[in-house]
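Predicted model and sequence below, questions to follow.
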Amino acid sequence: MRLYVVVELVFGCADDGEVIHIPGYVVRGAGSQTHYEYEVRVNVNGESWSLLRRYRRFRDLHLSMRGKYGAPVRKMPTTSVL
């Protein structure tokens, strides 16, 4: 099953040519195998990429950054916010 939902989250500033946009997510699987994959669009200096990633991948990145940089890394939103 695929269900696409639109969410509007934008990080960065278009003025400096770097923008990360999370326009929505797809619900995949069924029953206990159901999970969300968030669409991530990245625009840097005129080049753009679009990819799908699970929340777990964002959490793993966040934990890695917190371990390396400490307090400057802000709290990550929960899945209910995204």
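Nice, thanks for sending it over. Fair warning: this is a prediction, and the values are worked out from it, not measured in the lab.

show me what contacts Tyr36?
Tyr25, Val26, Val27, Arg28, Arg54, Tyr55, Thr79 (Cβ atoms under 8 Å, 6 or more residues apart in numbering). From N, CA and C alone the C-beta is placed, and that goes for glycine too.

now those residues: which count as buried?
Tyr25, Tyr55 (16 or more other Cβ atoms under 10 Å).

Secondary structure and pLDDT for the contacts of Tyr36 - can I get that in CSV?
Shown next, in CSV, are these (DSSP: H, G, I helix; E, B strand; the rest coil; pLDDT from 0 to 100):
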residue, secondary structure, pLDDT
Tyr25, strand, 85
Val26, strand, 87
Val27, strand, 89
Arg28, strand, 89
Arg54, strand, 90
Tyr55, helix, 84
Thr79, coil, 65
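
Tell me the pLDDT of the residue lying farthest from the centre of the chain.
What lies farthest from the middle of the chain is Gly31; by Cα atoms, centre = their mean that is 23.2 Å. For Gly31, the model assigns a pLDDT of 92.

Ok, the one 3 residues further on next?
Model confidence at Thr34, given as pLDDT, is 90.

For stretch 61-78, what is the distance to the chain centroid?
Remark: stretch 61-78 is offset 14 Å from the chain centroid, using Cα atoms, centre = their mean, to the nearest Å.

Report the mean per-residue pLDDT for that stretch.
Rounded mean pLDDT across stretch 61-78 is 79.

What score does Ala14 have for pLDDT?
On the pLDDT scale, Ala14 gets 49.

Great, nothing more from me.
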